[in-house]
Each structure stands twice: as C-alpha cells, then as structure tokens.
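Participant: just to be clear, the model below is a prediction. Sequence and coordinates:
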Amino acid sequence: MALENVVGEVAVQQNLKQFLLVLSVSLSVATLSQLLRPFRDIPYTLLLVIVGLGFSLLDVRLIALPPEVTLFVFVPPLLFKTAWDLDWTLLKREWIPIALYAGLGVVVTIACVALALTAFAGVSIHIALLAGASLAATSPAPITALFGKLGVSKRLMVLTEGENLFNSALAVVTFVLLMDLPVELAMTNSLALSAQVLALVGIGLVVGSLLGLTLSYLIPSSDLRFLGRSLLLVAAYGTYLATEELGGSGVVAVITAGAILGSFGTHRLNPQKHQVLTEFLGFVAFLVNSIVFLLIGDQINFTNLGNNLLPIAAAIGAVVVSRALAVYGLGGLSYWLAGSQIDWREQTLLWWTGLRGSVSIALALSVPIVLVQRQAIEATVFGVVLFTLLVQGLTAKPLLEWLGLKGSNPGTPDNYVRVIARSVALNQILNHLHQDDVVKRWELNPKFFRYRELVRQELGKLQGELEGQKQDPPSLEAMADEQLQRELIAMETGIYAAFVRAGFLEQTPPLLVPTILEQGDGSDSAAAAPSQERLAER
C-alpha cells in the first residue's frame, strides 16, 4: 500500500511538472508574440503551432494526453466563451446562412472527406467517416483575432463564430454516433439510431437550459468577488460533465448554457460585473487556446505523417473542395430562401478561412487506442489541421486585403473613442476645479489657476480634434455615442460599488443612467433613429 502511494505521488508530481512546463512555454510564446514587432501581425495561436512543431522535430514531448480527457478539458471553455460573446441579435438576422453552413456544410464535408479517403487512399468507410466528422468542425480562433485587428465587419465575425459554434456541436454528435456504429457498417437499426440522436441532443438541450437559466439568476445576485467567475467555470465544465454522465451531448449542453447566459443572463448584470466576467472568460480561453495550439504542433508524429501522405493529401483536397461547395452553393441558397446577400468577396474569405483546430484535434485524439487504423485518423486530421493553420491561416491577411474587406481605417475608431474618453475626463476635472469650495481652498496657490487654465486649453484642443474627426464616416459618431453611454453607466456603477464596499449599501441598486439616456434619445427621435439602428447592429 505504501509503495502504491509513493508511485501515485510520483506520477502526480511528474504530470504537474509537465503541465506547468506546457503552461510556461505557451504563455511565454503568446506574450512575446505581442511584444516583438515582426510577429504582431501573426495570430499567436499560429506561432504556438510553429513552436510546437519545433519541439516535435527535436523529439521533445511536453505532455502525454490521455485520449479520453482531451475533449472535455479543452473544448467546453472555448465553446462557452464563443456562445457568451456572440451577438445574438445579429445572429438572429443571419440565422439562415449560419444554419445552412453549420448543418448542410457538415454533411457536405463528411461526405467529401469520406469519398476522397475511400476512393483515393483505400481507407475503410468507417475510418473515413470518423476522419470526416473530425474535420467538419471549424476553428475560427486565429481568424477572428485577425478580423478584429483589421476592422472586418461585425456581420462576417458573427457568420464565422456562429457557424463554428453550431457545426462543432453537430460534428461532435456525429462523431459520437459513428464511434458506436459497427466497424463494417452493416445494416443499422435506423429507429435506434434516431432515438440515440434525439437522446444526445435532447438531454443536452434540457440540461444546458436548466443550468443556464439557474446560473442566469445566481450570477447577478452573487456578492462575493470570485463567486461569479467560479459559477462560469461550473457552467462550462460542470454542464459538460453532468450531461455526458446522463447520456447526452456535453457540447450541445455547453453551447445551450452559454447562449442563455450570454443573451438572457447578461441583461441582468451591471456593466462592471459583465466586463469582469467577460475578461475572465477571455483569460480562460486565452489559456486553453495557448495550450491547445502548442500541443497541436508538439503532438505531431512526422513518421506517422510520412506514412500517411496519400490520405492526408486526399483529405486536404476534399476539405478545400467541400468548403467551396458549401460556402458558394449554400450562400446562393441562403439568398434564395431569405434574401441574405453574401457577396463573392465575403464568400471567398469565408471559404479560405475555414480553419480546423482544437475540436478536430480533440476528436482525433479521443479515438480509443484499440481501434484499428487509429493512427491513420490521427495522421490525416493532424495533416489537414497543419495545412489549414499554416497555409490558409498565414495567407488570410493578404487575401483579406486583396479582397478589400479590411476596415477603411482600423486605427481611427480607437483614436476617436480615446479622444471622447479624454474629453469626458478633462471636462469632469475642469468642473471640479470651478466648484466654489475647491476655489476657496486653493485660491491662494498661484499654480491652481495655471493648472485650471492648462486643463481648459487641453480640453479645447481635444474638442477641436473631435470636430475634425466628425468628417469621417458617421459610424464613428455612433460608436462614440455608445462608448460615451458605457462610460456614464460605468461611472454610476462604480459609485454604487464604492457604497457597497464601504458597507452603506447591502447590494447595488438599479441603475438610473440607462433610463435617463433612453429619455434623452427619445426626445429627438428623428436624429436618434439612425443612431439607434447602428447601435443595434453593434
């Protein structure tokens, strides 16, 4: 017994050292990529893959991942973060193209990959379908980061993230069903298969909805500083594990819970708490993405890749072709059904930026070791993921610029909002310096009036700069209005929070500023209507 305890402690210590090593390397690379100018235009996730490949070439294996834990460790927080951040108002407008891309697009990808692998690489149909299901899930993390930097339209962001959210769920459900099918794919009871699909999706929807609604009431009412963040982790991991234990799809449950919390739950949060929770989820996603993309490169077995070049080439061709068929074909169908116009430039960008990543790798690694041709699945999926990340990912920016989809001046909005924020701050300072009690206290100090005059002059410069920038597209003004409203709401929230911390209030009272701002907007409906439309689009 004592020997078993010693062995167990050594194993835990070794695993902990490996995890800390992976964490240190991944965070160091991700941080340095933002500090070194030559690498700033490359998404940090792609740099992590390249560093991981370097470790793999040197035969340095950072950590051994058990197949059964890969899926539930990495996937839940990433999908939950996407569901939390997604603009559900805009998604409702674009639900038809997203549903087509995520639904029929997955079917087209699985069919094309399976056909290519069986026809050109001699892979069995069961293995080919598993590989197709693994590669059906897109991974937009490197691309959405690039979109944000280059000022790509919010609509393209929603199309990309919405497709990823739902096709990941469909790909995982399909993969689980295929794992349970007999290897020879003999006659299968269609009724039993349909019942299994309904159970996976139904249980996932029910559990995700219950936990999402429950946490939507618990998180806003939590007064303890870290309780809300803890509940978000429960929402991601707890929802997944509980649903899997009940026989449902954990991925469906996580997306459902994230969607409810991100749409319904966030309306009950004050802006300050919402920002804190969003930043926390961003950190968790950054942490998980850093580890995943480093391990994608580190887990590559070049010998295994070399032995499966034909299946990899066939799968790459199938993924690229199937993506083109889905994007261009279903884009036209979307326009015919709902008038949702996606022009050829946007379709081309969506086609080329359909990267594969963490979900595909997690599915491939979750294949049981006892399954025949497991290495063929791993090699094929890893090969395709490497191609999409290193070829398509690194060429996405030149393509985006060539298509003319880059924002007209991505730096201007940030500068415009910065001027607005500084104007608000200096105006408050100037008002403070003109108060009678302040003047009486400092009127004998000659520097007081000099400082006040300097603040007034600087405020005048900022207002002049603001007037000059109003010649830019009117969307800048709408964005600045929104930012100004957020500043005022945050100010009121901060004051209430100070009263709560001092013990004068037990909880934060309802905010008054949003009501006041709504009344102000309503007083001039003719001028406010276009601004409100632009604000809703955001």
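Facilitator: In hand now; what should we look at? Residues are numbered from 1 along each chain as shown.
Participant: when you work out contacts or count neighbours from here on, use the C-alpha atoms and nothing else.
Facilitator: Noted.
Participant: tell me the contacts of the residue nearest the centre of the chain?
Facilitator: When the chain is reduced to its mean C-alpha position, the nearest residue by Cα atoms, centre = their mean turns out to be T82, at 3.8 Å. Contacts for T82 (Cα atoms under 8 Å, 6 or more residues apart in numbering) come out as 161, 165, 258.
Participant: against E401, how distant is it?
Facilitator: As judged by Cα to Cα, to the nearest Å, T82 and E401 stand 25 Å apart.
Participant: over to I300. Which of the three states is it?
Facilitator: Here I300 is coil, with the state taken from DSSP: H, G, I helix; E, B strand; the rest coil.
Participant: do you know the pLDDT at the closest residue to it other than its chain neighbours?
Facilitator: What sits nearest to I300 in space, not counting adjacent residues and going by Cα to Cα, 6 or more residues apart in numbering, is S56, at 6.3 Å. Turning to S56, the model gives it a pLDDT of 80.
Participant: same check on E161?
Facilitator: Per-residue confidence for E161 comes out at a pLDDT of 88.
Participant: touching, it and L86? I think so.
Facilitator: Yes: counting by Cα atoms under 8 Å, L86 is a contact partner of E161 at 7.3 Å.
Participant: out of these two, which sits in the busier spot?
Facilitator: Neighbours were counted for E161 and for L86 using other Cα atoms under 10 Å; E161 has more, 26 against 19.
Participant: name the element that one belongs to?
Facilitator: Using DSSP states H and E, E161 sits within helix 154-180.
Participant: ok, then the element right after that helix?
Facilitator: Next along from helix 154-180, by DSSP H and E: helix 190-221.
Participant: which residues sit against the helix or strand following that next one?
Facilitator: Tracing the chain past helix 190-221, the next element assigned as helix or strand by DSSP H and E is helix 227-233. Under the contact criterion Cα under 8 Å, 6+ apart, helix 227-233 has outside partners 77, 215, 219-220, 222, 277, 280-281.
Participant: domain-wise, how is the protein divided?
Facilitator: Domain assignment for the chain by automatic domain parsing gives 1-40, 71-182+195-403, 411-537.
Participant: quick one: those as JSON lines, columns for distance to V60 too.
Facilitator: Listed next are these as JSON lines, based on distance: least, Cα to Cα, whole Å:
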{"stretch": "domain 1-40", "distance to V60": "11"}
{"stretch": "domain 71-182+195-403", "distance to V60": "8"}
{"stretch": "domain 411-537", "distance to V60": "41"}
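Participant: and those domains, which is most packed in?
Facilitator: Sort these by mean neighbour count, taking mean count of other Cα atoms under 10 Å, and domain 71-182+195-403 sits at the top with a mean of 20.
Participant: quick one on the thing from earlier: where's the residue nearest to the centre of the chain relative to G460, distance?
Facilitator: With the distance defined as Cα to Cα, T82 ends up 42 Å from G460.
Participant: please apply the same query to L62.
Facilitator: Distance, L62 to G460, by Cα to Cα: 57 Å.
Participant: related to what we said a few turns ago, I'd like to know which of the domains of the chain lies nearest to L46.
Facilitator: domain 71-182+195-403 (6.5 Å; Cα to Cα).
Participant: how far away from the center of its chain is that closest one?
Facilitator: 10 Å (Cα atoms, centre = their mean, to the nearest Å).
Participant: start to end distance for that domain?
Facilitator: Start-to-end span of domain 71-182+195-403 (Cα to Cα) is 36 Å.
Participant: residue contacts, F280?
Facilitator: R229.
Participant: gap between it and V320?
Facilitator: Applying Cα to Cα, the value for F280 to V320 is 35 Å.
Participant: do the same with Y451
Facilitator: Applying Cα to Cα to Y451 and V320 gives a distance of 63 Å.
Participant: do the same with V51
Facilitator: Distance from V51 to V320, counting by Cα to Cα: 25 Å.
Participant: how about R345?
Facilitator: Per Cα to Cα, R345 is found 17 Å from V320.
Participant: give me the mean pLDDT for the helix or strand hosting I420.
Facilitator: Per DSSP H and E: I420 is located in helix 411-433. Averaged across helix 411-433, the pLDDT comes to 69.
Participant: and what of stretch 202-210?
Facilitator: 93.
Participant: ok, and the closest non-adjacent residue to A99?
Facilitator: Spatial nearest neighbour of A99, excluding adjacent residues (Cα to Cα, 6+ apart): E163 at 7.3 Å.
Participant: per-residue pLDDT, the nearest residue to G250 once chain neighbours are set aside?
Facilitator: Excluding its sequence neighbours, the residue lying closest to G250 (Cα to Cα, 6+ apart) is Y240, at 4.1 Å. Y240 is assigned a pLDDT of 92 by the prediction.
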